[in-house]
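missing the sequence, but the structure's below:
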């Protein structure tokens, strides 16, 4: 392949007799350059956004969560506990009980999810880092405390954590309905605010943390739980651990990782990234069609050279390789400059924050990140488009037709 590329390089930089070839080649390279730069920047932006979203959920979601396959609550037996303890890689674990309840504070009411946790829960997630006021649960059995999401605290009007006014929590009683005493159909308890956390609006307006003892009494589930949350060692392979634990626990329990817990948001991110990538690939393909025209015109311009080479013994296959190499040089040249430009833009965004998201968001500047998979994807796309367009340009090259033209 050295000879075709050597001749193609000389043709690329040689003076053309027709200015149209230079213009078409330049415009084609410019289109490929812009398309490649856009692809690098956009894929890096989606990677940065994905990392940001995952960092937000790390402070709330565990590495692994085991939940009942059916129903809200189930008994965690000693056998299942032995299975969990036998697994390598388990760093911490915590039982949780959660369900919806009606909260009332003074004259305000709001429906939120009670999440009862034990004393090990702080080792499972980074919930401490999300506290904006107060502290996490003190687990006082005589005066049950609560840590409210910021949204819940706003809806209930809880602003002073030192206030003695408790929050009333109501849940319906299971069983026969008492038509003569409506309040007999409701179970209620008191909670005292100890802290306020802020992760992101979905969680802030949904959850209220309290002790697992309080939650079990409130929902009348005795020793039943609604889930077991697990933190793993950093060396543990999450997917392998998930599959092994699921197999050992059987069909009565579902084993979920962090992506499973937030499946909707991650599916949206992947779908948007894929659609954007396909659109940019289409734009790159359209921009590359100028290369086809440039190579075809160059073939006509170098007709005499081709006939001479053919007369000297060059095969039509070799002649096609020369102009296929020409198309690749134009494509890869523009793509190389575009790739470098995209990398520079992403680097400047990382270092100096060229694009700001605006006030009120988790981060001030739009997050970007280089990923080896994305870089490889861009390179393979460029090569695939360049090879395809170059092949289309030379596939019908025939010396006999050039002699007649």
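Yes, it's here. Predicted model only: the values in this text are computed from it and were never measured.

What separation is there between the residue of the chain positioned farthest from its centre and residue 356?
Centroid-distance maximum for the chain: residue 311 at 58.4 Å, with CA atoms, centre = their mean. As judged by CB to CB, to the nearest Å, residue 311 and residue 356 stand 64 Å apart. (Glycine included, C-beta is placed from N, CA and C.)

A strand includes residue 95, no?
Yes - according to DSSP: H, G, I helix; E, B strand; the rest coil, the state of residue 95 is that of a strand.

Mind pulling up the pLDDT for it?
Residue 95 is assigned a predicted lDDT (pLDDT) of 95.

quick one: what helix or strand has the closest residue to residue 166 other than its chain neighbours in it?
With sequence-adjacent residues excluded and distances taken as CB to CB, 6 or more residues apart in numbering, residue 166 is closest to residue 190, at 4.1 Å. Taking DSSP states H and E as the definition, one finds residue 190 inside strand 186-197.

tell me what whatever helix or strand comes next after that strand is packed against?
Next along the chain after strand 186-197, taking DSSP H and E as the criterion, comes helix 201-204. Contacts defined by 3 or more CB pairs under 8 Å, 6 or more residues apart in numbering; DSSP states H and E place helix 201-204 against helix 150-156.

Can you pull out the residues in contact with the helix it packs on?
103-105, 108, 110, 112, 132, 148, 158-159, 167, 193, 196-198, 201, 204-208 (CB atoms under 8 Å, 6 or more residues apart in numbering).

Let's see that with 6 Å instead.
103, 105, 108, 110, 112, 196, 198, 204-205, 208 (CB atoms under 6 Å, 6 or more residues apart in numbering).

going on from it, what's the next piece of helix or strand?
Per DSSP H and E, the helix or strand that comes after helix 150-156 is strand 167-172.

what's the angle from that following strand to strand 186-197?
Interaxial angle, strand 167-172 versus strand 186-197 (axes from the mean of the first three to the mean of the last three CA atoms, to 10 degrees): 140 degrees.

quick one on the thing from earlier: give me the distance between the strand holding residue 190 and the centre of its chain.
Going by CA atoms, centre = their mean, to the nearest Å, the spacing between the C-alpha centre of strand 186-197 and its chain's C-alpha centre is 34 Å.

Buried by neighbour count: which residues of it qualify?
Buried residues in strand 186-197, counted by 16 or more other CB atoms under 10 Å: 187, 189, 191-197.

what's the answer for stretch 238-250, then?
Using 16+ other CB under 10 Å as the test for burial, stretch 238-250 gives 241-242, 244-246, 249.

just stretch 121-130 next, same as before
So for stretch 121-130, counting by 16+ other CB under 10 Å, buried means 121, 124-125, 127, 130.

again, but for stretch 136-153
136-137, 144-153.

And the average pLDDT for it is what?
Averaged across stretch 136-153, pLDDT comes to 92.

again, but for stretch 391-405
On average, stretch 391-405 scores 66.

still on that earlier bit, given the strand holding residue 190, what are its sheet partners and their directions?
Counting by DSSP bridges, the strands paired with strand 186-197 are strand 131-134 (antiparallel), strand 145-149 (parallel), strand 167-172 (antiparallel).

Give me the contacts around it.
Contacts with strand 186-197, where a contact means CB under 6 Å, 6+ apart, come from 130-136, 143-148, 150, 153, 158, 161, 166-171, 173, 218.

would a markdown table of the contacts of helix 150-156 with pLDDT be doable?
Output for the contacts of helix 150-156, formatted as a markdown table (pLDDT from 0 to 100):
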| residue | pLDDT |
| --- | --- |
| 103 | 96 |
| 105 | 92 |
| 108 | 93 |
| 110 | 96 |
| 112 | 97 |
| 196 | 94 |
| 198 | 90 |
| 204 | 92 |
| 205 | 94 |
| 208 | 97 |
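
ok, of those residues, which come out buried?
Judged by 16+ other CB under 10 Å, buried ones among those: 103, 105, 110, 112, 196, 198, 204-205, 208.

and the contacts of helix 150-156, which two are the farthest apart?
108 and 198 (19.3 Å; CB to CB).

Could you report the separation of residue 189 from residue 96?
18 Å.

picking that back up, tell me the one of the buried residues of strand 186-197 nearest residue 307?
Scanning those for proximity to residue 307, where the rule is CB to CB, the winner is residue 197, at 78.6 Å.

Report the residue spans of the stretch 101-250 of the chain with pLDDT below the cut-off.
175-184 (pLDDT under 70).

So which of the buried residues of stretch 136-153 is the closest to residue 48?
Closest to residue 48, out of all of those and judged by CB to CB, is residue 150, at 25.1 Å.

any idea how far that closest one lies from residue 9?
On the measure of CB to CB, residue 150 and residue 9 end up 63 Å apart.
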